[in-house]
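> The following block contains a protein sequence and its predicted model.
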Amino acid sequence: MASEGLSMWSDWSNYKHEYTRPAICILSAAVLILLTWYSLLTKKSRNKKVPLPPGPQGLPIVGILPFLDPNLHTYFDKLAKTYGPIFKVQLGRKLCIVLSSPSVVQEVHKDHDLIFANRDVTALGFAASYDGMDMVWSPYGQNWRMLRKICVQELLSHGRLEALYDLRRREVQKMVKQIYSNAGRPIDIGEYILATMFHLITSVLWGGTLEKEDRERVILEFGKAMDEFFKLLGTPNVSDFFPVLAKFDIQGFERKMKKICKWLDQLFDYVIDQRLRMRSGEDLNNDGKVKDFLQVLLQLKDQGDHSTTFTITHVKTLLLDMLVAATKSSSTSIEWVMTELIKHPEIMKKVQEEIEEVVGINNIVEESYIPKLNYLHAVLKEVMRLHPVAPLLIPRRPSESCTVGSYMVPEGTKIFVNVWAIHRDPECWENPLEFKPERFLNTGNDFDFKSTNFSYMPFGYGRRKCIGIPMAERMVPYLLASMLHSFDWKLPDATKLDLSETLGLELTKTIPLVAIPTPRSSERNKLYT
Ligand code: HEM
């Protein structure tokens, strides 16, 4: 009986295994499906509860494309007056959201900085960056972190910048000397400064690798290439609004961009090749010179000690970023400063008096004087407020959907931050349209370029904020102080000052500033021989 019972039990137990296992599986699957369905349903209804930001209706398929003004920063500013500080616009297939108040940007920074740390890579951004591999367009991740770390450690640290001062000094003095030789004649300020910045940056990047004649030839082409490069990057491109059309490159922008990038790539190949040849003959490290950036990069490539492999393409992406980002943005800022100073001669005079007081009359401007030039810094900050180089920053793309200012910001949206509008917002600034450098005097660290102040963002915000601030902080005022210490500047006779702006990726002067330098002292030029 016992054995019978036992066998019954064992039968039951077998029976149980045979039938309960599948039943449990089926039940679990059903619960799982139900849970997934429920979570999708609640997510949907949660999403439903949070609406998209308001915005203009637009037309089917094309959205607001037919009404778009190429000066997007002013166009978006007008829309913000109707739709508020966070609004949406549909550009073809692309949903864009524009943020126009310090508080919404602060919310993004505080709650979603990581989600907003990716760029919205446009067709041309991709073409202009070794297929999105450079620091500017790279997604937030290991590659971007590696490039940023190398730049900070090897080029932009306090120690490196101090060590490279002699190179900057030499190039700035060369520029002043050249202006003396052109005194009394009209010069295109932007062109002049871009050339100086090119010499300055390339001497830091790859020292004397290019022969003098090569440098002169390259700089001419570089100026033209940069104008086109930034204009293309900021021009609305059908390929971005209708990705299915991207392969046709209807406006021919990608072809043009690839041509510029091919030229830059050939320049880098040439410089690297020259350097490798020089390296096989001599060890630049042992002759007492400071290592330039290219030398450091080539050593890193040979050592290969980074967790992500550091290839020759990485070397080129860093040369590209440093060359392009550092030259054009600095020269554009300086051109705007000179424009405002020519418009306000009493302010130019005040800046010159300060420089003379700090530097002396028969002395050369040195970088060590720069931190003492408070008024010059106030002028620079005021110019960057009214004419931010990147008025819409470099657009971001949230990596997941989130809520900002009680609106839904879907994953993959293109995010513009209208810094230009924020810098002119009467809620943040007293008499915002007035050029008044005094507003930045005695403000402590509140408006330091590195500080986090969402009403003032000429260098951007969050993790993707400009990496070049330490270099720009040294070079831009140094160049300006040198130009203003030696010369008075005025417009050629019968010329009117034009302040109109054109938006590419950068906000440039529509009509380049041409001005005449007059030496301020008959003796000072002797210091620059
Ligand atoms: C007056 C000079 C400059 C201005 C006004 C300026 C402005 C900016 C702005 C607005 C951004 C976008 C930030 C964002 O999206 O939040 C940016 C990014 C960047 N800038 Fe600058 N910049 C200047 C000089 C420089 C210099 C000298 C360098 C290099 C040494 C540089 C390298 C970069 C790089 C690599 C990025 C991309 C950073 C990233 O995506 O992680 N910039 N800059």
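Ah, there it is. All figures in this text were calculated on a predicted structure; none of them were measured in a lab.

> Where does the prediction get shaky in the chain?
1-48, 208-209, 279-290, 305-308 (pLDDT under 70).

> residues from it in reach of the ligand?
Selection of the chain residues close to the ligand by CB under 6 Å from any ligand atom yields 135-136, 148, 321-322, 325-326, 329-330, 333, 389-390, 393-394, 458-461, 464-468, 471-472, 476. For every residue, glycine as well, the C-beta is placed using N, CA and C.

> what are the ranges of the strands in this protein?
Secondary structure of the chain (DSSP state E): strands located at 86-91, 94-99, 187-188, 402-404, 407-409, 414-417, 487-490, 501-503, 507-509, 514-519.

> mind putting those in a markdown table, mean neighbour count included?
Below are the strands of the chain laid out as a markdown table (neighbours: other CB atoms under 10 Å):
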| stretch | mean neighbour count |
| --- | --- |
| strand 86-91 | 22 |
| strand 94-99 | 23 |
| strand 187-188 | 16 |
| strand 402-404 | 18 |
| strand 407-409 | 21 |
| strand 414-417 | 23 |
| strand 487-490 | 18 |
| strand 501-503 | 18 |
| strand 507-509 | 21 |
| strand 514-519 | 17 |
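
> Quick check: the gap between residue 453 and residue 185.
Using CB to CB, to the nearest Å, residue 453 is found at 41 Å from residue 185.

> who's more crowded, those two?
residue 453 (16 against 10; other CB atoms under 10 Å).

> check contacts around the spatially closest residue to residue 392 that is not a sequence neighbour.
Once flanking residues are discounted, residue 392 sits nearest to residue 416: 4.6 Å by CB to CB, 6 or more residues apart in numbering. Residue 416 makes contact with 72, 76, 96-99, 392-393, 395, according to CB atoms under 8 Å, 6 or more residues apart in numbering.

> same question, residue 97
Neighbouring residues of residue 97 by CB under 8 Å, 6+ apart: 53, 86-88, 409, 413-416.

> can we see that at 6 Å?
Shown in contact with residue 97 (CB atoms under 6 Å, 6 or more residues apart in numbering): 88, 409, 413, 415.

> that older thread, who's the residue nearest to residue 392 bridged to?
Beta-bridge pairing for residue 416 (DSSP bridges): residue 98.

> how far does stretch 107-120 sit from the chain's center?
16 Å (CA atoms, centre = their mean, to the nearest Å).

> I would like the residues contacting that stretch, please.
137, 139-140, 395-400, 402, 404, 414, 461-464.

> nearest to the ligand, of those?
residue 464 (4.2 Å; CB to the nearest ligand atom).

> Now for that closest one, how many residues are close by?
Count around residue 464 with other CB under 10 Å applied: 20.

> Disregarding residues adjacent in the polypeptide, which is nearest to it?
Going by CB to CB, 6+ apart, residue 464 has residue 117 as its nearest residue, at 5.9 Å.

> Can you get me a residue count around that neighbour?
18.

> in stretch 393-401, what counts as buried?
Residues of stretch 393-401 classed as buried: 393-399 (neighbour count, 16 or more other CB atoms under 10 Å).

> would a markdown table of those with distance to residue 217 be doable?
Formatted as a markdown table, the buried residues of stretch 393-401 follow (distance: CB to CB, whole Å):
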| residue | distance to residue 217 |
| --- | --- |
| 393 | 34 |
| 394 | 31 |
| 395 | 35 |
| 396 | 38 |
| 397 | 39 |
| 398 | 44 |
| 399 | 43 |
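
> Just those residues: which are in helices?
Nothing among the buried residues of stretch 393-401 maps onto helices, per DSSP state H.

> For the residues you listed, name the two members farthest from one another.
Across these, the longest distance by CB to CB is 17.2 Å; it joins 393 and 399.

> For residue 398, list the residues it contacts.
Residue 398 neighbours (CB under 6 Å, 6+ apart): 115-116, 409, 411.

> Please list only the buried members of those.
The buried subset of those - by 16+ other CB under 10 Å - is 115-116, 409.

> any idea which of the residues you listed is closest to the ligand?
residue 116 (9.4 Å).

> And the nearest residue to that closest one once chain neighbours are set aside, how close does it get to residue 262?
Of all residues not flanking residue 116 in the chain, residue 396 sits nearest, at 4.8 Å (CB to CB, 6+ apart). From residue 396 across to residue 262, the span is 28 Å (CB to CB).

> Okay, buried residues for stretch 492-502 please.
For stretch 492-502, by 16+ other CB under 10 Å, it's residue 501.

> ok, now stretch 436-445?
Buried-residue list, stretch 436-445, by 16+ other CB under 10 Å: 436-437, 439-440.

> Is it correct that residue 421 is in contact with residue 79?
No - between residue 421 and residue 79 there is no contact, the gap being 9.9 Å when judged by CB atoms under 6 Å.

> what's the distance between stretch 192-208 and the middle of its chain?
On CA atoms, centre = their mean, the centre of stretch 192-208 falls 19 Å from the chain's centre.

> oh sorry, the question was meant for stretch 227-247
18 Å.

> Between its first and last residues, how far does that stretch reach?
25 Å (CA to CA, to the nearest Å).

> Okay, buried residues for it please.
Applying a neighbour-count criterion of 16+ other CB under 10 Å, one finds 227, 229-234, 237-242, 245-246 buried in stretch 227-247.

> and if you look at stretch 57-76?
For stretch 57-76, by 16+ other CB under 10 Å, it's 58, 62-65, 71-76.

> what does that stretch contact?
56, 89-92, 98, 391-392, 418, 420, 503.

> ok, of these, which one's closest to residue 165?
Nearest member of the contacts of stretch 57-76 to residue 165, counting by CB to CB, is residue 391, at 31.9 Å.

> what's the nearest residue to the closest residue to the ligand within the stretch 51-200 of the chain if we skip its chain neighbours?
At 4.3 Å from the ligand, residue 136 is the closest residue in the stretch 51-200 of the chain, using CB to the nearest ligand atom. Distances taken as CB to CB, 6+ apart place residue 321 nearest to residue 136, at 5.7 Å, with adjacent residues excluded.

> For the stretch 151-300 of the chain, which segments count as helices?
Secondary structure of the stretch 151-300 of the chain by DSSP state H, counting those that start in this stretch: the helices cover 158-163, 165-181, 189-206, 212-234, 238-241, 253-281, 293-303.

> for those, which one sits closest to residue 365?
helix 165-181 (7.8 Å).

> What residues sit buried inside the closest one?
Applying 16+ other CB under 10 Å to helix 165-181 flags 167-169, 171-173, 175-176, 179-180 as buried.

> Return the distance of that helix from the chain's centre.
So, by CA atoms, centre = their mean, the centroid of helix 165-181 is 26 Å from its chain's centroid.

> which strands and helices sit next to it?
helix 189-206, helix 469-486 (3 or more CB pairs under 6 Å, 6 or more residues apart in numbering; DSSP states H and E).

> TSV for those, including mean neighbour count?
As requested, these are exported to TSV (neighbours: other CB under 10 Å):
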stretch	mean neighbour count
helix 189-206	23
helix 469-486	23
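
> Distance to residue 125 for the ones you listed - can I get that in a markdown table?
Below are the helices and strands packed on helix 165-181 laid out as a markdown table (distance: least, CB to CB, whole Å):
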| stretch | distance to residue 125 |
| --- | --- |
| helix 189-206 | 21 |
| helix 469-486 | 22 |
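
> Of all those helices, which one is nearest residue 427?
It's helix 469-486; of these, that one is closest to residue 427 (CB to CB) at 26.1 Å.
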